[in-house]
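Q: Kindly return the folded structure for what I paste below:
(2 chains)
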Amino acid sequence: MSGLNELYQEVILDHYKNPRNYGKLEGANKTAEGFNPLCGDQVTLYVRLQGDVIQDIRFEGSGCAISKACASMMTTILKGKTEAEAKALFQRFHHLVTGKEGEPAGTAELGKLKVFSGVREFPVRVKCATLAWHTLRAALEEKGGAISTE
Amino acid sequence: MEAAIAKISPKSLTSLDVEKIREDFPILRQRVHGKPLVYLDNAATSQKPQAVLDAISGYYSRENSNVHRGIHSLSERATLAYEGARAKVRAFVNASEDREIVFVRGTTEGINLVAQTYGKKFLKTGDEIIVTAMEHHSNIVPWQMLCEEVGARLRVVPINDQGELLLGEFQSLLTEKTKLVSVVHVSNALGTVNPVKRIVEMAHRQGIPVLLDGAQAVPHLRVDVQELDCDFYLFSGHKLFGPTGIGVLYGKARWLEAMPPYQGGGDMILSVTFEKTVYNELPYKFEAGTPHVAGVVGLGVAIDYVTGIGMEAITAYESELLAYATETISALPGVRIIGTAKDKAGVLSFILSGVHAHDIGTILDQEGIAIRTGHHCAMPVMQRFGVPATARASFSFYNTKKEIDAFVAGVQKVRKVFG
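A: Model prediction:
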């Protein structure tokens, strides 16, 4: 059970049951939709970008505890961050959940996102954890349309 | 819950000697995450008995050779084994002739074959193909591709809240535009056993041929294609305890003869010159290239294995297993079963309030229990029931009541983790 306890930490379950920044963002100027076709997870991300600063960010969608909690926590941490900071965080987060070594300095910046470190024990769930982040990148890069984890 | 369990006497679950049967399946002996493997993902693929594994290895050890072309002894033996398996398949589904049995890679390839040959020859702009709201993607997409190519239209028979076809709606979709009805025999996402004999009768009354996707039916039910009178019937070897990469297309000879070949190549020809090629007779016209001989041999032995147990005994045992699982899981709070048709086989699809199927799958896996979670390649079914995904336990004759108890305990653990 230790791996499971690590994966489904209280804070993750809390964000899953009570997602923050959930719902459409009026006045968003960047949006993207992400899909995980393997399990049917879907997320729509709304960003209001002013200059290169994320003024506001919200999301909608359906998914498992990991994908929903990730999207929720991501939105709480990204408000006020620049595009470059957001992308750098994604990279560190990706390393965290895939279990890649290195960048110890970056781990501190992840702050409360570190609760997702348990995902590394469950490789099939990495896609759940990164769906919102991939979708964010698509929104910022204005690739338009839908992105997929596959 | 106790009362619910008591309705089915454990004694009635002993009509098969399951403990002995389990010894035939080496994969079932292992532990996963330290727990005995409970394999409940049989609708995705089934496990293989030792006899099938031995047949494949024995074929490669003693007979391996190309079929239908060598005059040497090995080739003759390989050909005998290959054609012998075709005869077993014919008997298994009770087709009238061996040449009505075409080996393909699987159900998916078989449907694509019919779409690209029957479809391209007999469908034109404005024609219609009827499928149902409970089809696997493999019985939707090949027809959509065909429709796009020839300008035909796909019509969909709706289902009720139990996951049963609305036959009245089906009747009204049958028109002079309909050129084919393509229906799943047993739904992989819901477990519904469709009244396919009646569907065939209704379509035939208007002269419309019927294809049945039997991928989820043949492992659970006795299938008699002559009794059903269907025009095409398809299934996959790997869901029937045989190898992956081999499947069967049954087609009535008159249709197969009228259809153009699917792929060109060796074995499907009688003679080739640069001016003209004469296609081979049935079934070889549809079997271009060196076939999956070892797969066919393995499938033949898998058929021997299940017929040795008896399809009727398998159906009866599995139906008790499914009833037991349905009753025990339904007794848990927050469980909603997706697919509650009167006639079901092998599949228990469910959701748990407040918990995504994916999380159920991960937690059960930690208990050594393998189930499928997601949309089961049937996204329209998920849309129909308004759920993004379901958790699906699917059963086989080697599963036990004890395993179902472990599964139900696992789901209770999920509830505990999520509070």
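
Q: So what's the residue count around the residue in chain A that chain B sits nearest to?
A: The nearest approach of chain A to chain B comes at residue A:64, 3.7 Å away (Cβ to the nearest Cβ). For the C-beta atoms, the positions are set from N, CA and C on the backbone; glycine is no exception. If you count neighbours by other Cβ atoms under 10 Å in any protein chain shown, residue A:64 ends up with 28.

Q: Identify the residues contacting it.
A: If you count contacts by Cβ atoms under 8 Å, 6 or more residues apart in numbering or on different chains, residue A:64 has them with A:39, A:41, A:125, A:128, B:356-359.

Q: same thing with residue B:35?
A: Taking Cβ under 8 Å, 6+ apart as the test, what residue B:35 contacts is B:367-369.

Q: hmm, 10 Å instead?
A: B:365-369, B:406, B:410 (Cβ atoms under 10 Å, 6 or more residues apart in numbering or on different chains).

Q: Out of these, grab the one that's most surrounded.
A: That'd be residue B:369 among the contacts of residue B:35, by other Cβ under 10 Å, with 27 neighbours.

Q: Please identify the helix or strand for the nearest residue to residue B:387 once chain neighbours are set aside.
A: Spatial nearest neighbour of residue B:387, excluding adjacent residues (Cβ to Cβ, 6 or more residues apart in numbering or on different chains): residue B:351 at 5.6 Å. Following DSSP states H and E, one finds residue B:351 within strand B:347-352.

Q: now do residue B:180
A: Counting by DSSP H and E, residue B:180 is found in strand B:178-184.

Q: cool, and residue A:137?
A: helix A:126-140.

Q: now residue B:267: how far from chain A?
A: 35 Å (Cβ to the nearest Cβ, to the nearest Å).

Q: Who are the contact partners of that residue?
A: Residue B:267 touches B:66-69, B:280, B:284-291, counting by Cβ under 10 Å, 6+ apart.

Q: please redo it, this time with the cut-off set to 6 Å
A: B:68, B:284, B:287 (Cβ atoms under 6 Å, 6 or more residues apart in numbering or on different chains).

Q: Where does pLDDT dip in the stretch 1-150 of chain B?
A: B:1-14 (pLDDT under 70).

Q: Going by residue numbers, what spans are helices in it?
A: Ranges of helices in the stretch 1-150 of chain B, per DSSP state H, counting those that start in this stretch, are B:2-6, B:18-23, B:50-58, B:73-93, B:107-114, B:120-122, B:141-150.

Q: what's the fifth one packed up against?
A: For helix B:107-114, the packing partners by 3 or more Cβ pairs under 6 Å, 6 or more residues apart in numbering or on different chains; DSSP states H and E come out as strand B:232-236, strand B:247-251.

Q: can you tell which of those is closest to chain A?
A: Smallest distance to chain A across those (Cβ to the nearest Cβ): 20.5 Å, for strand B:232-236.

Q: Residues touching stretch A:51-61, excluding its own?
A: Contacts for stretch A:51-61 (Cβ under 6 Å, 6+ apart): A:21, A:23, A:25, A:42-48, A:71, A:75, A:78, A:81-83.

Q: For those residues, name the two members farthest from one another.
A: The two members of these with the most space between them (Cβ to Cβ) are A:42 and A:82, at 27.5 Å.

Q: Get me the contact residues on chain A for chain B.
A: A:4, A:8, A:39-40, A:62, A:64-65 (Cβ under 6 Å from any Cβ of the partner chain).

Q: Could you tell me which of the residues you listed count as buried?
A: Neighbour counting with 16 or more other Cβ atoms under 10 Å in any protein chain shown marks A:4, A:8, A:39-40, A:64-65 as buried within the residues of chain A next to chain B.

Q: one step back: save the helices of the stretch 1-150 of chain B as TSV, and put in mean neighbour count too.
A: Below are the helices of the stretch 1-150 of chain B laid out as TSV (neighbours: other Cβ atoms under 10 Å in any protein chain shown):
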stretch	mean neighbour count
helix B:2-6	11
helix B:18-23	15
helix B:50-58	17
helix B:73-93	18
helix B:107-114	25
helix B:120-122	13
helix B:141-150	17
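
Q: Which one, of those, ends up nearest to residue B:383?
A: helix B:141-150 (15.6 Å).

Q: what's the angle from that closest one to helix B:107-114?
A: 20 degrees (axes from the mean of the first three to the mean of the last three Cα atoms, to 10 degrees).

Q: when you scan helix B:141-150, is anything in it near chain A?
A: No. Legend: contact between helix B:141-150 and chain A by Cβ under 6 Å from any Cβ is lacking; minimum distance shown is 13.4 Å.

Q: gap between that helix and the chain center?
A: Computed by Cα atoms, centre = their mean, to the nearest Å, the chain-centroid distance of helix B:141-150 equals 22 Å.

Q: Strand partners (parallel or antiparallel) of the first helix or strand past that helix going along the chain?
A: Per DSSP H and E, the first helix or strand lying C-terminal to helix B:141-150 is strand B:153-157. Strand pairing for strand B:153-157, using DSSP bridges, gives strand B:128-132 (parallel).

Q: Any chance you could list what contacts the partner strand?
A: With Cβ under 6 Å, 6+ apart, strand B:128-132 has contacts from B:139, B:143, B:153-157, B:165, B:173, B:177-178, B:180-183.

Q: thinking again about what came up before, give me the subset of the buried ones among the residues of chain A next to chain B lying in strands.
A: Using DSSP state E, no member of these falls in strands.

Q: pLDDT-wise, what's the bottom of the residues you listed?
A: In terms of pLDDT, the weakest of these is residue A:39, which scores 70.

Q: Now it: phi and psi?
A: phi -120, psi 0 (degrees, to the nearest 10).

Q: Am I right that residue B:169 is in a strand?
A: No. Going by DSSP: H, G, I helix; E, B strand; the rest coil, the assignment for residue B:169 is helix, not a strand.

Q: burial of it, as a residue count?
A: 16.

Q: how far away is residue B:73 from residue B:63?
A: 9 Å (Cβ to Cβ, to the nearest Å).

Q: And the strands in chain A, which stretches?
A: Using DSSP E, strands in chain A cover A:30-36, A:41-50, A:53-62, A:146-148.
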